[in-house]
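K.L.:
Show me how the following folds:
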Amino acid sequence: MDAIQRLLTIEEIKQLKARYFRCVDARDWEGYRAVFADDVLFDISQDMPEGGIVHGGEEAAAIARKHLTSDVVSVHHGHCPEIEITSETTAKGIWAMEDKLYWTRESGFPISRLHGMGHYRETYTKKDGHWRIQTMKLTRIRVDTWGWE
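P.N.:
I've put the predicted structure just below:
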């Protein structure tokens, strides 16, 4: 792969991750599902020790849909991507991340706000001309929460 193609590929992967963040916050579950490979492995076990290893794109979308209801507003950001192209159809990356979640009182959730910071470690695959997230592990380095005032 020449340098220009490598840069174009990195940009395509950046766009993929941008769609991931936008779709989750917009509750666009069809768009969110589309960023994942059918056989994605999503590790959110740090946040959810039981059931935190998610297999498959449908399950990844279902778990987000279950937890991100109309009772919570979420804001997710990805920063400082480190993307390495490993072949014509594979790549890996690390993204610094930050998320903020705000629950309504009606949600019954035990906290009102959460601010998390950490990293996504991912692999990507290109199938049928489109890049998809193949594996993803979320590791938080700090989580701040607020109770109800």
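K.L.:
and the longest strand for this protein?
P.N.:
Counting residues, the longest strand in the chain under DSSP state E turns out to be strand 130-146.
K.L.:
starting at the chain centroid, how far to that one?
P.N.:
5 Å (Cα atoms, centre = their mean, to the nearest Å).
K.L.:
Check which helices and strands that strand sits against.
P.N.:
Packing partners of strand 130-146 (3 or more Cβ pairs under 8 Å, 6 or more residues apart in numbering; DSSP states H and E): helix 3-26, strand 36-43, strand 90-103, strand 113-127. Yep, even glycine has a C-beta here, placed from its N, CA and C like the rest.
K.L.:
The same query, at a cut-off of 10 Å, please.
P.N.:
helix 3-26, strand 36-43, helix 57-67, strand 90-103, strand 113-127 (3 or more Cβ pairs under 10 Å, 6 or more residues apart in numbering; DSSP states H and E).
K.L.:
tell me the mean pLDDT for the third one?
P.N.:
Which is helix 57-67. What helix 57-67 shows for mean pLDDT is 94.
K.L.:
before we move on, back to that, by mean pLDDT, show me the worst of the helices and strands packed on strand 130-146.
P.N.:
helix 57-67 (a mean of 94).
K.L.:
And the next helix or strand past that helix?
P.N.:
strand 72-85 (DSSP states H and E).
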